[in-house]
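Q: Below is the sequence, then the predicted model.
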Amino acid sequence: MIWRAGRLATIGYVAVIVVGGLTPPASAWLTKLVIDRLAHGSFAAGPATGLAGLSVATAMAPQLTRYLDAQIRRGTGMIIQDRLFSAVNGFTGLGRFENPRDLDRIRMAQQNGQAAPVQLVSALFMAAQGALSLIGFVTALAVISLPMAGVVLLSSLPLLLIELRLSRRRADFLWNTTSLNRRQNLYAGLMTDARTAKEIRLFGLGNWFRDRLLDQTRKINGAERSLDRRVLFGQGGLALLGALVAGGGLVWAVFQIRNGALTVGDIAVLSAALTGTQGALAGLVGRTADGYQALLTLRHYEEITTAGPDLPRAAPSRPAPPLRHAIEMEGVWFRYADGHPWVLQDVSLTIPFGRAIALVGRNGSGKSTLVKLLCRLYDPVRGRILWDGIDLRQMPIDELRARIGAVFQDYVCYDLTARENIGIGDLAALHDLDLIRAAADRADIDRELSALPHAYATPLSRGYFGEADGVDGTALSGGQLQRVAVARALMRDSRDLLILDEPSSGLDAEAEHRIHQRLRAHRAGRTSLLISHRLGAVRDADEIVVLSGGRVIEKGEHDGLIAADGEYARLFHLQAESYGALRADGGGVPRADGGGVLPVGGDGGLHADGGGVLRTDGPGTDASPRGRENRRTTTPSTPSRGQ
Ligand SMILES: Nc1ncnc2c1ncn2[C@@H]1O[C@H](COP(=O)(O)OP(=O)(O)OP(=O)(O)O)[C@@H](O)[C@H]1O
């Protein structure tokens, strides 16, 4: 990786390391020569010039090392980011993004993975440099005194063991504190996010979150303190041992010079060698330990980049064909994790080609989960989903997804321009403003976007764009953003399946009416799945499927379901009642014959068929018990379940 990041820089780095490693022992030896020659009254110009050259190299080495190190770090950082995010984008399902351990691993890989390869290689190079210096010094020392060299080498063993142990503890500390860091980031993010600022201020949560943040920080600090103590005792003990060896060696040398066994010049080599050997040893061991720690950190990066697909493809592999017949769910069971409750239980349903299917049910009944399975964001635990008879698991996921347009319940507004926010629904058409405007028009948002200060070039974000970017961002209302998300999905309206999960939950009555009118016209003859709690919006679907507790409990057309007087009819009437008015004359009653209508705007709302109208806005409104009674009498008295 380092080699790929920059060959010249790598070669330069190695050269600097070799020179840097040999310089200290060479300097010590040249110093000895200078002293000895001067002591004997001879000329020492040669060694002195060598010394001068070496001091130039010593002065330049750190600057060069820093420069080359940064060069390599930038190059490898790029490669690491590329590999890491390619791997993350290769996680085709959602499971890994919901697993805290996997998320920690991704975060570790992202935070430390970039530095780790350079850390590892620079540790190796520096260790090699330390080794070169060590060899030089020990050789010099051995020339003067073999036992002394042996003592110095032996004293390095505890150093090596303790440093390796400490580096494992450092790596453990990093891993063990990732969940604390995760929560620390969470609370810090909550306190600085514009989206949470309102509630935090209104509910007075600021200090409560700050205390939680500080609690995490305290725990991290505690773990770090205990690590620091170990380092203090470990490295303190080593320093003491080193000082004892060096001090003892010097005292021994002074006695040897008095006895005439060593020259005055020897003491220069000896003192440089004693401290130099200790330094080189500490460098060698320390850098080896750093490299070891970097390796332990890289393990997380490796685990992410080699994790393989989270949703494996089943054999034999089949291309995803254009939909011609139907999408079928056969006995699908699903839960989010082992031990969690079943969210879908034995669900079988068919979405025939060209038909508009609606999915309704109470909160938590599994509607959005079913949508996620259709997009293959998860695989069924049991059962299968067929696309024209082919199991979704056999198709390349991107081919399948290219055939689907969807607006999810938890839609996203990206910190991008209005044009991009819609255009990313079909990247190939990102620059086709006419297409984008047509989609916006179908989602009933074109007028508002055209009126923005920079029209479609206006960023839909105030947090990331400002004067410095030469263009001011803006914020849209919740309902407007939802229509932007619908427009994004409609960029793919020529695709085989259109999924609309609560596309109008945040819209005002008029906007909701208009968008449903447009969607209804748009869905005609197309394969689509609409989820909505506004039952008036789904009534003219070709088939309405009712989910309850993860099971399909009813299926059929609106009229049939109302006539069956089951769960759908109950929810429909309940909702109708909540509008607070029922017409006593039968015209305003959600009728068993399918005439029931919820008007949502001044233009008569959804009363497509002119049948019974439940009005919120005009004459005929009747919230009287008589009106309600009347409704009851118009529903069949012998309910039968659709399914
Ligand atoms: N990512 C998840 N991990 C674990 N459980 C989940 C997850 N998403 C949903 N659930 C659980 O699955 C069940 C069904 O959720 P789902 O979102 O499918 O319901 P829904 O019918 O769409 O509800 P709503 O009408 O409120 O949108 C719920 O009990 C929910 O707690």
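A: Yes, it's here. Numbering: from 1, shown residues only.
Q: C-alpha only now, for contacts and for neighbours.
A: Noted.
Q: Okay, buried residues for the strand or helix carrying Leu30 please.
A: Element membership of Leu30, judged by DSSP states H and E, is helix 7-39. Neighbour counts over helix 7-39 (16 or more other CA atoms under 10 Å) mark 9-10, 12-14, 16-37 as buried.
Q: For it, name the packing helices and strands.
A: When contacts are defined as 3 or more CA pairs under 8 Å, 6 or more residues apart in numbering; DSSP states H and E, helix 7-39 packs onto helix 45-89, helix 115-144, helix 264-305.
Q: so that helix versus helix 264-305, what angle?
A: 170 degrees (axes from the mean of the first three to the mean of the last three CA atoms, to 10 degrees).
Q: which residues in the chain form strands?
A: Taking DSSP state E, the strands of the chain run over residues 326-334, 344-352, 356-361, 382-387, 390-391, 404-407, 497-501, 528-531, 543-548, 551-556.
Q: In its sheet, which strands sit next to the first one, and in what direction?
A: Which is strand 326-334. Strand pairing for strand 326-334, determined by DSSP bridges: strand 344-352 (antiparallel), strand 382-387 (antiparallel).
Q: List the buried residues of the first one.
A: The one in question is strand 344-352. Leu344, Gln345, Asp346, Val347, Ser348, Leu349, Thr350, Ile351, Pro352.
Q: what do you get for stretch 238-250?
A: Result for stretch 238-250 [16+ other CA under 10 Å]: buried residues Leu238, Leu241, Gly242, Val245, Ala246, Gly249, Leu250.
Q: Can you show me the CA trace of it as CSV?
A: Presented in CSV, the C-alpha positions along stretch 238-250 are these (Å, rounded to 0.1, in the frame of the first residue of the first chain):
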residue,chain,number,x,y,z
LEU,A,238,12.9,0.4,32.3
ALA,A,239,14.3,3.9,32.5
LEU,A,240,15.8,3.1,35.9
LEU,A,241,17.3,-0.1,34.6
GLY,A,242,18.8,1.8,31.7
ALA,A,243,20.2,4.5,33.9
LEU,A,244,21.8,1.9,36.2
VAL,A,245,23.5,0.1,33.3
ALA,A,246,24.7,3.4,31.8
GLY,A,247,25.9,4.8,35.1
GLY,A,248,27.6,1.5,36.1
GLY,A,249,29.3,1.4,32.7
LEU,A,250,30.7,4.9,33.1
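Q: any idea how far stretch 275-293 is from the chain center?
A: Counting by CA atoms, centre = their mean, to the nearest Å, stretch 275-293 is centred 36 Å from the centre of its parent chain.
Q: which outside residues touch that stretch?
A: For stretch 275-293, contacts defined as CA atoms under 8 Å, 6 or more residues apart in numbering pick out 24-25, 119-121, 123-124, 126-131, 133-134, 137-138, 152, 156, 159-160, 163-164, 166-168, 170-171, 242, 246.
Q: what mean pLDDT would you report for that stretch?
A: If you average the pLDDT over stretch 275-293, you get 75.
Q: From the ligand, how far off is Gln111?
A: From Gln111 across to the ligand, the span is 25 Å (CA to the nearest ligand atom, to the nearest Å).
Q: what about that residue, how many neighbours?
A: Gln111: 13 surrounding residues under other CA atoms under 10 Å.
Q: For it, which residues are in contact?
A: No contacts exist for Gln111 under CA under 8 Å, 6+ apart.
Q: And the residue of the stretch 101-250 of the chain that's closest to the ligand?
A: Here the residue of the stretch 101-250 of the chain nearest the ligand is Leu103; by CA to the nearest ligand atom that distance is 14.1 Å.
Q: wouldn't that residue be in contact with Arg96 here?
A: Yes - between Leu103 and Arg96 there is a contact under CA atoms under 8 Å: 7.1 Å.
Q: So what sits opposite Lys555 in the bridge?
A: Val545.
Q: Does it touch Gly566 like I think?
A: No - counting by CA under 8 Å, Lys555 does not reach Gly566; the two are 10.4 Å apart.
Q: Number of residues surrounding Leu571?
A: 19.
Q: In this protein, where's the longest helix?
A: Scanning the chain for the helix with the most residues, using DSSP state H, yields helix 206-258.
Q: Show me what the mean pLDDT comes to for that one.
A: 86.
Q: how far is that helix from where the chain is centred?
A: Relative to its chain's centre, helix 206-258 lies at 36 Å (CA atoms, centre = their mean).
Q: residues near Ala326, how many?
A: 17.
Q: That one: what's it in contact with?
A: Contacts of Ala326 were listed using CA under 8 Å, 6+ apart, and they are Thr350, Ile351, Pro352, Phe353, Trp387, Asp388, Gly389.
Q: Name the nearest residue to it, sequence neighbours excluded.
A: Pro352 (4.1 Å; CA to CA, 6 or more residues apart in numbering).
Q: wait, which of the strands of the chain is closest to Ala315?
A: Nearest to Ala315, of all those, is strand 390-391, at 10.0 Å by CA to CA.
Q: got a pLDDT number for the residue in the stretch 1-150 of the chain positioned nearest to the ligand?
A: Residue nearest to the ligand within the stretch 1-150 of the chain: Glu98 (6.7 Å; CA to the nearest ligand atom). On pLDDT, Glu98 comes in at 87.
Q: neighbours of it, just the number please.
A: When neighbours are counted by other CA under 10 Å, Glu98 comes out with 10.
Q: quick one: it from Val371, how far?
A: 17 Å (CA to CA, to the nearest Å).
Q: which of the residues in stretch 144-155 are buried?
A: Buried positions in stretch 144-155, judged by neighbour count with 16+ other CA under 10 Å: Ile144, Met148, Ala149, Val152, Ser155.
Q: related to what we said a few turns ago, and Val471, which of the helices and strands packed on helix 7-39 is closest to it?
A: Closest to Val471 of those is helix 45-89 (CA to CA; 29.4 Å).
Q: so the closest one versus helix 264-305, what angle?
A: 10 degrees.
Q: and helix 45-89, what does it pack onto?
A: Using 3+ CA pairs under 8 Å, 6+ apart, helix 45-89 sits against helix 2-5, helix 7-39, helix 100-113, helix 115-144, helix 264-305.
Q: picking that back up, for the residue nearest to Ala326, give its distance to the ligand.
A: Remark: distance between Pro352 and the ligand (CA to the nearest ligand atom) = 22 Å.
Q: Around Met60, count how many other residues there are.
A: So Met60, with other CA under 10 Å, has 13 neighbours.
Q: ditto for Phe255
A: For Phe255, the count of nearby residues is 12 (other CA under 10 Å).
Q: Pull up the gap between it and Ala402, please.
A: Computed with CA to CA, the distance linking Phe255 and Ala402 is 85 Å.
Q: Next: Leu373.
A: Separation of Leu373 from Ala402 (CA to CA): 15 Å.
Q: Other residues contacting stretch 206-218?
A: Contacts for stretch 206-218 (CA under 8 Å, 6+ apart): Leu180, Asn181, Arg183, Gln184, Tyr187, Ala188, Met191, Ile200.
Q: Now do stretch 380-390: distance to the chain's middle.
A: 29 Å.
Q: Now do that stretch: distance from first to last residue.
A: Stretch 380-390: ends 15 Å apart by CA to CA.
Q: Flag every buried residue along that stretch.
A: In stretch 380-390, counting by 16+ other CA under 10 Å, buried: Pro380, Gly383, Arg384, Ile385, Leu386, Trp387, Asp388, Ile390.
Q: Now for these: which two are most distant?
A: Pro380 and Asp388 (17.5 Å).
Q: No further queries at this time; thank you.
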